Every structure is written in structure tokens, then in C-alpha cells.
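Novice: Requesting a structural model of the entry that follows:
(chains A and B)
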2 protein chains.
Amino acid sequence: MRVLATLDGNVVDHRSPLFRADDLGVLRGDGIFETILVVSRQPRELGPHLDRLERSARLMQLPLPERASWERGAQAVIDAWPWDEHPEMGLKLVCTRGIDEGDGTPSAFAMGQEVGAETRRKRDEGVQVVTLDRGVSTDLMDRAPWLLLSAKTLSYAVNMAALREAESRGADDVIFTSSESTVLEGPTSTVVLAQGRKLLTTPPSSGILQGTTQGALFRAAEQAGWSTEVVDFPTSALFESDGVWLASSIRRITRVHDIDGTAIKVDEALNDEIVGLYESNY
Amino acid sequence: MRVLATLDGNVVDHRSPLFRADDLGVLRGDGIFETILVVSRQPRELGPHLDRLERSARLMQLPLPERASWERGAQAVIDAWPWDEHPEMGLKLVCTRGIDEGDGTPSAFAMGQEVGAETRRKRDEGVQVVTLDRGVSTDLMDRAPWLLLSAKTLSYAVNMAALREAESRGADDVIFTSSESTVLEGPTSTVVLAQGRKLLTTPPSSGILQGTTQGALFRAAEQAGWSTEVVDFPTSALFESDGVWLASSIRRITRVHDIDGTAIKVDEALNDEIVGLYESNY
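Specialist: Residues are numbered from 1 along each chain as shown, chains lettered A, B, ... in the order given. Below you'll find the model as predicted:
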């Protein structure tokens, strides 16, 4: 199930081509995106997602359609979605640099997609992950902004290759590590650890995306009396904590039960509490 | 001027959309490409370009249409191109992983584009470059194949951001350097040095694309009695050589006259000889 809308609010047939061959999104992966969970017509963290879209656009020096037009496109998709049949939707917002050597007008759309059975299975059962070296240092983001480490660009070929590598090793997902053997992020998620009554995650300044789902979890956790820490931590901490989760919009808060073939601590009561904290936002 | 053809050999209007919004080329930069120079109907290095396309597909585990269909698409573009008006053409071959969760059929096209005035100016006058850290080690390619360092993917956002960084510093182009401060490649070119009667370039095993234009130059140079060496060299060698060139299909062999604001040695007779060696292939 897919519903496609342009930013003027028109729903169009998603099976009809929308992009020219010479769009820079096609030719160069030259654009940005966000994926937002919508449950029973309510988008989650829409503001933080649109904020991050704007940040990505600034880092890419990409002209971005105004916020109202994204909201209009998103609403058109939400209004046209068959909620009775599919109570959850993944909403993609995509913006490219437009036609190569064109007039500079970006190409953009909003598209709803159903949440697949495999995604729901991972959410319910948890995941096995492998750690993969991303080959970059945590000090790179500030001194090499052209590497776009904190922009959510359409150039996701490496993220997809990493997921294929995980699959070939019999795992579901990946945790990227830095040259310093610290934990970075997943290809499509933020890593969260629990240590006692403290939640930890990696700082965006180390060259990762600011997590919208992780942000919602930490907000609720702090309100519930947990402490939170945003800090680089070594890969070994994954094996020594009270729990590890991947936070991402569509999969929400997914527990990790196995890393590089080694079972890690999984406390189902703690998992229920963490998932409950995130859900308490909505 | 653009001419677009599908791989069944049909020329289609390049102004009409060809890609669905949910094509993985659009959503994830999940695909590969080649750019080939065609002069007066003759494609240059077509075999090596198609070889590299196949190598990229293997690294990406991407199903690739058979070679004959690429040749058919390319020929359709060549046959439809207005050669009297535009004696040179840049021919793009593009293949994506197709529709997200579709039947696995890749999306592909061949497209001719005119060689712009700015490209011809750089070819004639040479370029100023800046060195930019790509933040990766030369030993990464073998141990982290998921980083796709030697595949020519559509995920080119970082390459484009690097070129914008160069422009913001008043330069035309970029030479990427490794964590070890050795020379890697340009965002869309291979770096070549001359030292006496020897030409040098960086080995693909250090995490760069195998250069088709550099390959053609070295082949001709070896036949003319030059020695060639494929070896890592430090950034400092750029300033101590008899000449530095960027080799790329459309710009051919372009001399560098300034690096990071410092003029480097430019010997016009040597440049003519190097360019002549490359041209002697055709």
C-alpha cells in the first residue's frame, strides 16, 4: 500500500513516474529525506523531523520548500490513507536538488508506505546485530563538513550495503563503529544503552544523525526520573550494559538480543518499561 | 541538449518523468552509473566503462541488465544525437535497484548530454584545486567492503558537497586525501603525477575508483616508452612533481595549476605531450 502526494497537496498515482532521468536525486543521490511514523492519523515527532530536514538542507546547501508545503503534502497523504485497513503508516518526505543544470527548483514529494510484517516482527521479537567499522573518526564531523556526516541525504548506498552484509552473516541489523572503536549508530537507527537507571546514546557531534525517536524516549525518561547521558562509549559497553536498543521512527524502540553472535543481557521487564516510556509521549 | 533512451533501444522524451517516487535510486541513491565520452559517434573506453559498471554491480549485489542491452541503449542515443551541432557528448549509463519491495527488476537508462562551456574551459585552461580530507584510511577497502569504496554508486552527495566546498574557497575542484595524508582521487576524477619520464597514480586497492581515462593515458604512455607506477604517494608529492593532472572521461586530461592556493609547476610542453598521449588512443 502506497499513497503519494506532491507538496501542493495533490494525491497522484504512485505507479506513475514522477522523476526525470536527469533529476539530481536520480543521477547523484543529491537530496535529503525523513521517515515519520504516523499512527491512526497522528504523525509522531513531526516537528523534530521537519527541523532535521531543514538542518540536512542547510548542510547540503539545498533550497528547501517551505515548511507549510511539507505539512500540506503530509496531510494529503494522511487524508488519503486507508486507516481502517492499515492503522500505521511510514511517511517519507523526500527533496532532491531538482533537474541537473535546471532552474534550481527542488523536486519533492510525500509518500505513505505500510509498515511491513518483517518490521513488525523485529519490533516484537528484537534483533540480532553485527558491528561494522564505518572507517571514520569521531572528530571528523566538525573538521570535514563536506562529508555530510550529520545530514540525512538520499545517498544511502553504504547503509544498504551494510544491511546486506548483516544479512549475509545471519543478522538483522548493524551497529556502526568508529576508528576509535566507539559506537556510532545503525544504518537507519540510533543506539541506546541502559545502565542502571541511566540511558546513554552517542553525541551527534561524533558524526551521527540526531535521533528523533531516541530524543522522544530520552524526553519521557527524564520526566520519569531516569538520568540520561549523551556521550561516546566503547563497543565493549554494548556487552556490559543492562540492555541495548535501536531507536528508529518506524521500528520504534527495538531491543537487541545478540551482537556479533554473542547473546547480550535482555530484561523483558526493563524492555517493557523502556518501550512504555517512549509510547507515553503519544 | 539531452537524448534519453531505454535499454530496449527506444529514444524517449527526456523531459517526461521516467522514475517512480518509490524507485530505490530515488529513495536511497541505490544504484550505479558510468559516464562515457563520445566524440563524433565514437565512444571512448566503452569496454573498460562497461567492465567497471559490472564490477560496481557485483560490489552492490545489484542485478545488472546484460551488456548487449547497455550497448543497444548507448547506440540508440548515439544514433539520435545531433553530431553536426554537438561533436562531443557525455553518455551516462544508469542502473538502480528498481522499485522498493518490487519484483527486483532494475531501472536503467542511457542518456547523452552536451559537454558544457565550463567543462571545456577547465579542460583548456586547467584548474585550481583544494585538498580535502575524506576521513578514511587506505587500508579500509579490503577490510570494510560494505563501504563500497571502489564502486561507482549513485550515492554521490559527498562528492557534490566537496565540489561546493572547493567553489566556496574559490577553487574549481578537489583532491581527496586519506587519514594517512596520501592522495586518493578527485570527486569525479583520477589524480596523475609526472616525475621525470614516469607517470604515477594511486592504486584502486587504497579505496578509489579504477580510472578509465587514467588507464587509457597509462597504456599510451607505456607504449611511448614512459614508465608508470601505481602507488600511494603523500600529499606533499603534489607540490614536488613535474605536473599534476585530473583524468576524467568528459574533461579528459586536465592540468592542475594551483593547489590550496599555491601555484604548482606547469610545463606547457609536457602538458601537450601528456594530452597527446591520451588522444593517441583514438
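Novice: Measure how far stretch A:161-170 is from the centre of its chain, please.
Specialist: Taking Cα atoms, centre = their mean, to the nearest Å, the mean C-alpha location of stretch A:161-170 is offset from the chain mean by 18 Å.
Novice: which of the residues in that stretch are buried?
Specialist: Applying a neighbour-count criterion of 16 or more other Cβ atoms under 10 Å in any protein chain shown, one finds A:Ala161, A:Ala162, A:Leu163, A:Glu165, A:Ala166 buried in stretch A:161-170. Placement of C-beta: from N, CA and C, glycine included.
Novice: Please enumerate the strands of the stretch 151-282 of chain A.
Specialist: Taking DSSP state E, counting those that start in this stretch as the criterion, the stretch 151-282 of chain A contains strands spanning A:173-177, A:190-195, A:198-201, A:227-230, A:243-248, A:252-259, A:262-263.
Novice: how about a markdown table for those, with mean neighbour count added?
Specialist: Listed next are the strands of the stretch 151-282 of chain A as a markdown table, based on neighbours: other Cβ atoms under 10 Å in any protein chain shown:
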| stretch | mean neighbour count |
| --- | --- |
| strand A:173-177 | 24 |
| strand A:190-195 | 22 |
| strand A:198-201 | 21 |
| strand A:227-230 | 14 |
| strand A:243-248 | 26 |
| strand A:252-259 | 22 |
| strand A:262-263 | 10 |
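Novice: Can you say which of the ones you listed is nearest to A:Gly276?
Specialist: strand A:252-259 (9.5 Å; Cβ to Cβ).
Novice: Starting from the closest one, tell me which strands it pairs with and how they run.
Specialist: strand A:127-133 (parallel), strand A:243-248 (antiparallel), strand A:262-263 (antiparallel) (DSSP bridges).
Novice: Of all residues in the stretch 1-150 of chain A, which one is closest to chain B?
Specialist: A:Gly29 (2.5 Å; Cβ to the nearest Cβ).
Novice: number of nearby residues for that residue?
Specialist: 28 (other Cβ atoms under 10 Å in any protein chain shown).
Novice: Am I right that it is in contact with A:Ser155?
Specialist: Yes - A:Gly29 lies in contact with A:Ser155 (Cβ atoms under 8 Å); the separation is 3.6 Å.
Novice: Can I get the least confident helix or strand in chain A by mean pLDDT as PDB, trimmed to CA atoms?
Specialist: Using mean pLDDT, DSSP states H and E, the weakest-scoring helix or strand in chain A turns out to be helix A:140-143, at a mean of 91. What follows is the C-alpha trace of helix A:140-143 in PDB, where atoms were taken according to Å, rounded to 0.1, in the frame of the first residue of the first chain:
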ATOM      1  CA  LEU A 140      35.700  14.200  11.700                       C
ATOM      2  CA  MET A 141      32.300  15.900  11.600                       C
ATOM      3  CA  ASP A 142      33.500  19.400  12.600                       C
ATOM      4  CA  ARG A 143      36.700  19.400  10.600                       C
END
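Novice: now that helix: how far from the chain's centre is it?
Specialist: Centroid separation between helix A:140-143 and its chain, computed with Cα atoms, centre = their mean, is 21 Å.
Novice: quick one: buried residues of it?
Specialist: Those would be A:Leu140, A:Met141, for helix A:140-143 by 16+ other Cβ under 10 Å.
Novice: Likewise for stretch A:269-282?
Specialist: For stretch A:269-282, burial by neighbour count (16+ other Cβ under 10 Å) applies to A:Asn271, A:Ile274, A:Val275, A:Leu277, A:Tyr278.
Novice: now swap in stretch A:88-107 and tell me
Specialist: Those buried within stretch A:88-107 under the rule 16+ other Cβ under 10 Å are A:88-100, A:106-107.
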